[in-house]
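Participant: build me a model:
(4 chains)
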Protein chains: 2
Amino acid sequence: MPLTGDATPPLDETARAILDAASRRFLHYGYGKTTMSEIAGDCNMSTGNLYRYFPSKLDIAEAFVRRLRAEQIRMLREAVGKSGLSTQDKLRTFFKLKLKLVYDRFHDRPKAYELSQEILKERPSFADEWERAESRVLCEVLEEGEGAGELALCDRNRTARILQDIFFRFASSSVYYEGEYDVLAGELDDVMDLVWDAFEHRKELSIR
Amino acid sequence: MPLTGDATPPLDETARAILDAASRRFLHYGYGKTTMSEIAGDCNMSTGNLYRYFPSKLDIAEAFVRRLRAEQIRMLREAVGKSGLSTQDKLRTFFKLKLKLVYDRFHDRPKAYELSQEILKERPSFADEWERAESRVLCEVLEEGEGAGELALCDRNRTARILQDIFFRFASSSVYYEGEYDVLAGELDDVMDLVWDAFEHRKELSIR
DNA sequence: GTATTGAACGCTTTAGAAAGCATTCAGTTC
DNA sequence: GAACTGAATGCTTTCTAAAGCGTTCAATAC
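Facilitator: Below is the predicted model of the structure:
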């Protein structure tokens, strides 16, 4: 099986240098105010040569966001991988961390946030990929939960999708006002409590 | 008690004429391409006189969206008011109709859709009002459900808010592609099934 | 043959001027 | 004096020409 499916295909050394240079500029000045000749200059090469490594500027941005995603998936996987956590805690941790990551990116790296929003709008298939990558992590948690007898589901993939629908609000790009984080985290807890009650109910039904 | 809380304060006859004229133009040409002198012309009056009835152009737009809201709330209330519907069906109907109303507005009256989005962004307090108006309808359904012994909740208002969080995805403005309605409606059903299982579980707990 | 260059092309963004618009208010009407 | 007018104000949008930028490719380097 492929390692995780979240990993970016490994990059040429030159390609990585280009991506690193572009990333620095994207973070400081944003996508729109970064030019191909600046990136080329940072790498001591000509603009034309950039196109030997990336088909377009937007693809450099996608590679940038791909890294963000890989990092986020890694952190989510790590957070739910801790032993000693119940399945409920894992699910709660998953969505709370996801909220926190988006919230922090919005406040601390606004340029990165904008860029990822832009790419997700411009490249719907990439957005799907991201959702599927998270779905995979969720499915693992659900599978473990079933193994431990904490859950009884009819369809893990479907359940993961339902969870993503339910928690959509907490990853949604509606402006995150200062101080809103605690309110959102509180509401997330309420929603998680409800979800877990549903899971309990389904487990009981399956036992009978 | 006030009638519903959703009603707009009654309008002067002249104010209504202004709003009617503005509405026609908003629907056909959009907010930005409608000018105050056009509205005034339609009403056979001068631009200055408009300001005796509305503080600004944006307030005319707000009044327009206020009507949309009143109509939507009325339809939601009517849909869940049908006798013979279980509480589960009422909740399902509520959120499904809401999805349909937003979806249809997006496709059939795009200018009205844009305008309402604009107002909701520009006037957060109005967005809150809208949410509270829907919350009131939800609370009525929940209250009836409790009366009929179909539900046992600890806090109706809180539950209504949780439901709004959970179904946020289905009223969210992410672009509605052609044909996506059926997919969304299907996912909504899955989410509703899960919510109802949670309610069942809570009822059972409260009985014991 | 592979890697790289940089001038050339056409599309997009920008800057600055002109036009248009929302809003105001001194004055008019009834 | 309540309802209304329309010219004046200053902000915003539109227009247009110029500059800037992403992208290409024939030529160059190695």
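
Participant: going forward, measure contacts and count neighbours with C-alpha atoms only.
Facilitator: Fine.

Participant: where does chain A have low pLDDT?
Facilitator: Along chain A, the model assigns pLDDT under 70 to residues A:1-10, A:175, A:178-179, A:208.

Participant: which bits of it sit near DNA strand D?
Facilitator: A:32-37, A:47-49, A:51, A:55-58 (C-alpha under 7 Å from any atom of the strand).

Participant: go again with 6 Å.
Facilitator: Taking C-alpha under 6 Å from any atom of the strand as the criterion, chain A approaches DNA strand D at residues A:34-37, A:47-48, A:51, A:56-57.

Participant: of those, grab the buried ones for PyMOL.
Facilitator: For the buried members of the residues of chain A next to DNA strand D, the matching PyMOL selection, counting by 16 or more other C-alpha atoms under 10 Å in any protein chain shown, is:
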select buried, chain A and resi 34+36+47+57
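
Participant: the residues of chain A next to DNA strand D into a markdown table, with extra columns for distance to A:Arg158?
Facilitator: Formatted as a markdown table, these follow (distance: C-alpha to C-alpha, whole Å):
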| residue | distance to A:Arg158 |
| --- | --- |
| A:Thr34 | 41 |
| A:Thr35 | 43 |
| A:Met36 | 43 |
| A:Ser37 | 46 |
| A:Thr47 | 46 |
| A:Gly48 | 46 |
| A:Tyr51 | 41 |
| A:Ser56 | 36 |
| A:Lys57 | 36 |
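
Participant: can you give me the distance of A:Arg67 to A:Glu180?
Facilitator: 27 Å (C-alpha to C-alpha, to the nearest Å).

Participant: among the two, which residue is more densely surrounded?
Facilitator: Of the pair A:Arg67 and A:Glu180, A:Arg67 is the one with more neighbours under other C-alpha atoms under 10 Å in any protein chain shown, namely 16 against 12.

Participant: which elements pack onto the helix or strand the more buried one falls within?
Facilitator: Using DSSP states H and E, the element containing A:Arg67 is helix A:57-81. If contacts are counted by 3 or more C-alpha pairs under 8 Å, 6 or more residues apart in numbering or on different chains; DSSP states H and E, helix A:57-81 sits against helix A:13-29, helix A:87-108, helix A:110-122, helix A:124-147.

Participant: what about A:Cys154, which SS state?
Facilitator: Look at A:Cys154: counting by DSSP: H, G, I helix; E, B strand; the rest coil, its state is coil.

Participant: residues near the closest residue to A:Asn157 other than its chain neighbours, how many?
Facilitator: Using C-alpha to C-alpha, 6 or more residues apart in numbering or on different chains and skipping the chain neighbours, the partner closest in space to A:Asn157 is A:Cys139 (6.4 Å). A:Cys139 has 19 neighbours, counted by other C-alpha under 10 Å.

Participant: can you tell me which residues contact A:Cys139?
Facilitator: By C-alpha atoms under 8 Å, 6 or more residues apart in numbering or on different chains, the contact list for A:Cys139 reads A:156-157, A:160.

Participant: report the separation between it and chain B.
Facilitator: Distance of A:Cys139 to chain B, computed by C-alpha to the nearest C-alpha, to the nearest Å: 17 Å.

Participant: now A:Leu184
Facilitator: Distance from A:Leu184 to chain B, by C-alpha to the nearest C-alpha: 10 Å.

Participant: does that residue sit in a helix, a strand or a coil?
Facilitator: A:Leu184 is classified as helix under three-state DSSP.

Participant: most neighbours among the contacts of A:Cys139, please name it.
Facilitator: In terms of neighbours by other C-alpha under 10 Å, the contacts of A:Cys139 top out with A:Ala160 at 21 neighbours.

Participant: work out for me the element that one sits within.
Facilitator: Short version, using DSSP H and E: A:Ala160 is in helix A:156-166.
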